[in-house]
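Asker: Sequence first, predicted coordinates after that:
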Amino acid sequence: MHSLSTIQAARGWGSRAHEDYPMRLVVLTTLLAAVLSGVTVAPAAAQARSSLPFPAGTKYAFVDLQRVVAESVPGQSANAQVQQLLEAKRAEIEARQATLQTQIDAKNQSLLSMQQRLAQGETVMSLEARQGLTRDIARLQVDIQRDTEDAQAEMQRVTQDADAEVTDLQQRLQVDLDSRLGPALASVASERGIDFILNSAGLVWANPALDLTQLVIDDLNRR
């Protein structure tokens, strides 16, 4: 996971009426989309590859694992679960951030009103009244600073917890998918009499007829 800040610095965070959405979760969404969805092969190209005759006697083949994850039923289900949790966590974070910002904005507005009263009443207020209002302003400024720092810490904590929950789900789904993918690969290899299957991601070039991705997807969908 990338350690990206999700909230603004304390000075700016509490004084703005509107904040950018938490960036860490946005980045996390992008990363998971890349990992789980991958780059899919166009349907026409995939169909053309799957229709090519497999060379007789060949003892090796390759599979596009990104496409397997993106197009298989278990892979799509895993991706949907992760995306659903991401959306839920993003909504929770944005709602909490909005609540905290509203509270700080209200205190900032009170501070502004008090400062205006002090400025406007400088010539008519008694010395005691001005001193009292000045103390109240100072206390409120400290209060706002403390609330801003607390809000910053809370948003960091909430986002870290969300990241951990999404990561945990992703890992559990990956284990489940791996437990299904292994037997599917073994089954296809056995049917074709293949000694080993390569991941297409590591290939510079290969005969398209050696692509068994669709067979693995079909086998995986039956499990």
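Answerer: Thanks, I have the structure now. In this text the structure is predicted, and so the values were computed from the model without any measurement. Residues are numbered from 1 along each chain as shown.
Asker: quick check: mean pLDDT across the longest helix along the chain?
Answerer: Ordering each helix of the chain by length in residues (DSSP state H) puts helix 127-192 first. What helix 127-192 shows for mean pLDDT is 96.
Asker: Pro78 should be in a helix, yeah?
Answerer: If you look again at residue 78, you'll see it is Ala, not Pro. Yes: using DSSP: H, G, I helix; E, B strand; the rest coil, the assignment for Ala78 is a helix.
Asker: List the buried residues in stretch 55-70.
Answerer: Neighbour counts using 16 or more other CB atoms under 10 Å place 61-70 of stretch 55-70 among the buried residues. The C-beta positions use only the backbone N, C-alpha and C, and glycine is treated the same way.
Asker: nearest to Thr167, of those?
Answerer: Distance ranking of the buried residues of stretch 55-70 against Thr167, using CB to CB, places Val69 first at 17.1 Å.
Asker: for whichever strand or helix holds Gln97, packing partners?
Answerer: Gln97 belongs to helix 73-120 when assigned by DSSP states H and E. Where contact means 3 or more CB pairs under 8 Å, 6 or more residues apart in numbering; DSSP states H and E, helix 73-120 is packed against helix 23-32, helix 65-71, helix 127-192, helix 213-221.
Asker: if you set the cut-off to 10 Å instead, what comes out?
Answerer: With contacts defined as 3 or more CB pairs under 10 Å, 6 or more residues apart in numbering; DSSP states H and E, helix 73-120 has these neighbours: helix 10-13, helix 23-32, helix 65-71, helix 127-192, helix 213-221.
Asker: That one vs helix 213-221, what angle?
Answerer: Per axes from the mean of the first three to the mean of the last three CA atoms, to 10 degrees, the angle that helix 73-120 makes with helix 213-221 is 80 degrees.
Asker: okay, the angle between helix 73-120 and helix 127-192?
Answerer: On the basis of the same axes, to 10 degrees, helix 73-120 is oriented at 170 degrees to helix 127-192.
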